[in-house]
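[1] Here is a sequence with its predicted model. Questions after.
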Amino acid sequence: MDLLVEKAIKGDRLSLSRLLSSIENNSAGSQQALDALFPLAGNAHIIGVTGSPGTGKSSLVNRIALEYRKRRQTVAIIAVDPSSPFSGGAILGDRIRMKELSGDTGVFIRSVASRGSLGGLSISTAQISSVFDAAGYDKILIETVGAGQSEVEIAGLAHTTLVVEAPGMGDDIQAIKAGILEIADILVINKADREGADQTELALRTMLELDHPKPKIFHHALLMDVVPLPDQQPDESLWIPPIVKTIATNGTNVEELTNRIEIHRQYLLNTGFWARRDSERILHELETSIKQQLFQGFISGIEPSDLLDVVQKIQQRTLSPHNATQILINRP
Ligand SMILES: Nc1nc2c(ncn2[C@@H]2O[C@H](COP(=O)(O)OP(=O)(O)OP(=O)(O)O)[C@@H](O)[C@H]2O)c(=O)[nH]1
Ligand SMILES: [Mg+2]
């Protein structure tokens, strides 16, 4: 594993690929590998791309990656639960799009399945992202299909979140999913070549005007009540998400979109929000890790028969869960 880590961070793609697989499968030694990589991470700009199925997220991610390559930035792409595999190309269009990036050593594409894995998106995607970060990728693009929880989780992980809409997928305000303004740093109307792009833009703009921008907190960790974080910035410095219309199929306005992403990054750095987001995420990760390790230590010291005994007492209502916990914790 040590050798694998060493080779992976030196740019050996096969080793990186193997390392990612072992982390995804939670194989022996993968936690140690993550620990070893940890000091090297923390430099990448993580960009989340989310939105309803078929709005053109993969096409857009592909274009943004190409644009960053022009700017001599290295790019890692993570597709979470892709409905059409990113590499492998179930759809002809996908294969053609990916051809432009395949063979470029400055790009690494990885699909991950969050379903079935413990902890879902938050654990495996965050870990894979941190491996790319440690391996020195400048930009990490994470595509997720917007489906409630995964959208919010991706916003918690990313520095910059793009929400992708398309005309005809709901032109009126009611149809556009509530909550997207909570997470969108940039609103993209893709398929701007289609009829109705202006209507969609109007609907989004109306929503933005009705909404009062507020500071974003994605993970309210319990630890945040204990640890004092720097104060929120005054309201004037709050970010109002720009709306950018693109045509991913031919690349129209992708340069402008990429500029916006960079403006957002600069905004986060200038206002101190970058550090604030990092602190929030660190507290969240620390809290999760404390809970896991305490729980594992605690539960491994309990006889299953004792646990069953307690469960039966709770079922018979002779013991409350609260009292049961105290008894289990204070056992000799
Ligand atoms: N007309 C038009 N079609 C587009 C545009 N962008 C993407 N498409 C097409 O829309 C379809 C879906 O594109 P994808 O990039 O796979 O969309 P996606 O959001 O990643 O889809 P899922 O991952 O399945 O949710 C493909 O046939 C694309 O060629 C665009 O700007 N204009
Ligand atoms: Mg896709």
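    Thanks, I have the structure now. Ligands and ions are numbered 1, 2, ... in the order given.

[2] any idea how far residue 65 is from the closest residue to ligand 2 within the chain?
    Closest residue of the chain to ligand 2, C-beta to the ion: residue 58 (3.3 Å). For glycine as for every other residue, the C-beta is placed from the backbone atoms N, C-alpha and C. Distance from residue 58 to residue 65, counting by C-beta to C-beta, to the nearest Å: 11 Å.

[3] Could you tell me the average pLDDT over the longest helix anywhere in the chain, please?
    Ranked by number of residues, the top helix in the chain under DSSP state H is helix 273-300. Averaging pLDDT along helix 273-300 yields 87.

[4] which parts of it are buried?
    Applying a neighbour-count criterion of 16 or more other C-beta atoms under 10 Å, the buried positions in helix 273-300 are 273, 274, 276, 277, 280, 281, 283, 284, 285, 287, 288.

[5] As JSON lines, the residues you listed with distance to residue 136 would be great.
    JSON lines is the format used below for those (distance: C-beta to C-beta, whole Å):
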{"residue": "273", "distance to residue 136": "24"}
{"residue": "274", "distance to residue 136": "19"}
{"residue": "276", "distance to residue 136": "25"}
{"residue": "277", "distance to residue 136": "21"}
{"residue": "280", "distance to residue 136": "25"}
{"residue": "281", "distance to residue 136": "20"}
{"residue": "283", "distance to residue 136": "26"}
{"residue": "284", "distance to residue 136": "25"}
{"residue": "285", "distance to residue 136": "21"}
{"residue": "287", "distance to residue 136": "29"}
{"residue": "288", "distance to residue 136": "26"}
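
[6] orientation of the helix or strand just after the longest helix of the chain relative to helix 273-300 in degrees?
    Next in sequence after helix 273-300, counting helices and strands by DSSP states H and E, comes helix 304-315. Between the axis of helix 304-315 and that of helix 273-300 there is an angle of 100 degrees, by axes from the mean of the first three to the mean of the last three C-alpha atoms, to 10 degrees.

[7] which other helices and strands contact the one helix or strand the residue of the chain closest to ligand 2 maps to?
    Under the criterion of DSSP H and E, residue 58 resides in helix 57-70. Judged by 3 or more C-beta pairs under 8 Å, 6 or more residues apart in numbering; DSSP states H and E, helix 57-70 is in contact with strand 45-51, strand 75-80, helix 92-99, strand 139-145, strand 160-165, helix 254-271.

[8] what's the angle from it to strand 45-51?
    Our comparison of helix 57-70 with strand 45-51, counting by the same axes, to 10 degrees, yields an angle of 160 degrees.

[9] could you give the angle of helix 57-70 to strand 75-80?
    In terms of direction (the same axes, to 10 degrees), helix 57-70 departs from strand 75-80 by 170 degrees.

[10] Flag every buried residue along helix 57-70.
    For helix 57-70, by 16+ other C-beta under 10 Å, it's 57-69.

[11] could you dump those residues to TSV with pLDDT?
    Formatted as TSV, the buried residues of helix 57-70 follow (pLDDT from 0 to 100):
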residue	pLDDT
57	92
58	91
59	92
60	95
61	95
62	93
63	94
64	96
65	95
66	93
67	95
68	97
69	95
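
[12] Which residues of this protein lie near ligand 2?
    With C-beta under 5 Å from the ion as the criterion, the chain meets ligand 2 at residues 57, 58.

[13] count of residues packed around residue 127?
    If you count neighbours by other C-beta atoms under 10 Å, residue 127 ends up with 20.

[14] now the helix or strand harbouring it, how far from the chain's geometric center?
    Per DSSP H and E: residue 127 is located in helix 121-134. Mean-position distance between helix 121-134 and its chain equals 9 Å (C-alpha atoms, centre = their mean, to the nearest Å).

[15] Now do that helix against helix 273-300, angle only.
    120 degrees.

[16] when you compare where helix 121-134 runs with where strand 139-145 runs, what's the angle?
    Going by the same axes, to 10 degrees, helix 121-134 is angled at 160 degrees with respect to strand 139-145.
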